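# sequence-free structure coming up:
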């Protein structure tokens with residue numbers, strides 16, 4: 001039986017240059033999707049999957065991210081005094097209890113693999129999850145919860161995967177599939193950002209992982225890979241062919257790349273339309289915009 005996954009690493013050290021000038025003073029991870037920061041969606045997903053310890057790999061200038069998870073006693077008292085119980089509950093749900101959350105500094109931007117390696121002492125010999133807050137996944141059952149349930153059956157190492165157009169594969173880590181079992185695939189190879197036309201499949205790795213502690217050992221040699229960075233994909237690939245093995249997991253849900261402006265806007269519209277109190281006004285506005293565009297053409 002596989003050990004329970006109760007720890008998750010959140011790599012949030014990036015500079016968010018694609019969102020400048022906003023990210024000059026605001027960490028990308030607390031930019032709001034409707035009315036919640038990106039990182040809150042990741043935290044909620046992790047909690048639903050049974051995660052109890054949250055490890056953030058940060059960098060200089062991320063103080064606002066750390067403050068976000070702190071208690072706000074004065075604001076809570078104000079809301080309580082004014083009888084705004086619903087808002088008070090929403091606020092309190094963002095709090096993290098002492099000991100639940102830890103912050104590790106990545107002093108040099110050496111890649112995702114290096115960021116994960118920085119948290120090695122807090123992981124020890126336990127399996128762990130990795131969640132990239134840029135990847136927001138809308139799903140009836142949260143993506144990581146789906147993965148944890150599958151992991152409890154097969155163990156090993158698991159990466160979330162989805163099919164992408166062939167001309168987009170070079171932007172992802174791509175799986176070379178040994179056996180397709182439906183929602184699960186066994187993996188015989190992984191290629192990080194393959195050159196156009198060389199991808200072994202169109203099944204791309206998305207920002208959710210469940211990994212064995214051996215992956216951290218594989219990162220010890222700090223091998224430089226694609227883009228001149230230490231790639232997490234390379235360390236996972238070393239587990240292919242071992243007793244643990246590597247699996248890809250086709251999740252049920254829609255993934256939004258909120259690390260890009262277009263993806264962030266698409267997610268904003270989709271999540272806005274999913275809210276009962278916003279849907280009618282937003283649908284009406286979008287209809288007006290599209291009608292005006294057609295008329296202008």
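That came through fine. Please read these numbers as outputs of a predicted model, since none were measured by experiment.
# after the helix-or-strand element of the chain with minimal mean pLDDT, heading C-terminal, what element do we hit next?
Across the helices and strands of the chain, mean confidence by mean pLDDT, DSSP states H and E is lowest for helix 63-68: a mean of 84. For helix 63-68, the following helix or strand on the C-terminal side (DSSP states H and E) is helix 73-81.
# pLDDT of that following helix, averaged?
Here helix 73-81 scores 88 as its mean pLDDT.
# which neighbouring elements make contact with the least confident helix or strand of the chain?
Helices and strands touching helix 63-68, by 3 or more C-beta pairs under 8 Å, 6 or more residues apart in numbering; DSSP states H and E, are strand 53-58. Heads up, the C-betas are built off the backbone N, CA and C, glycines and all.
# mind running it again at 10 Å?
Judged by 3 or more C-beta pairs under 10 Å, 6 or more residues apart in numbering; DSSP states H and E, helix 63-68 is in contact with strand 36-37, helix 38-48, strand 53-58, strand 101-105.
# reformat the ones you listed as a markdown table; add mean pLDDT.
Shown next, in a markdown table, are the helices and strands packed on helix 63-68 (pLDDT from 0 to 100):
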| stretch | mean pLDDT |
| --- | --- |
| strand 36-37 | 92 |
| helix 38-48 | 95 |
| strand 53-58 | 94 |
| strand 101-105 | 91 |
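# any idea which of those gets closest to residue 20?
helix 38-48 (16.3 Å; C-beta to C-beta).
# between the closest one and strand 101-105, how many degrees?
130 degrees (axes from the mean of the first three to the mean of the last three C-alpha atoms, to 10 degrees).
# any idea how far helix 38-48 is from the chain center?
9 Å (C-alpha atoms, centre = their mean, to the nearest Å).
# any idea of the angle it forms with strand 53-58?
Using the same axes, to 10 degrees: helix 38-48 against strand 53-58 is 150 degrees.
# next, the buried residues of helix 38-48.
Buried residues in helix 38-48, defined by neighbour count with 16 or more other C-beta atoms under 10 Å: 38-43, 45-47.
# would you format these as JSON lines with distance to residue 207 included?
Output for the buried residues of helix 38-48, formatted as JSON lines (distance: C-beta to C-beta, whole Å):
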{"residue": "38", "distance to residue 207": "11"}
{"residue": "39", "distance to residue 207": "13"}
{"residue": "40", "distance to residue 207": "16"}
{"residue": "41", "distance to residue 207": "12"}
{"residue": "42", "distance to residue 207": "9"}
{"residue": "43", "distance to residue 207": "14"}
{"residue": "45", "distance to residue 207": "11"}
{"residue": "46", "distance to residue 207": "12"}
{"residue": "47", "distance to residue 207": "17"}
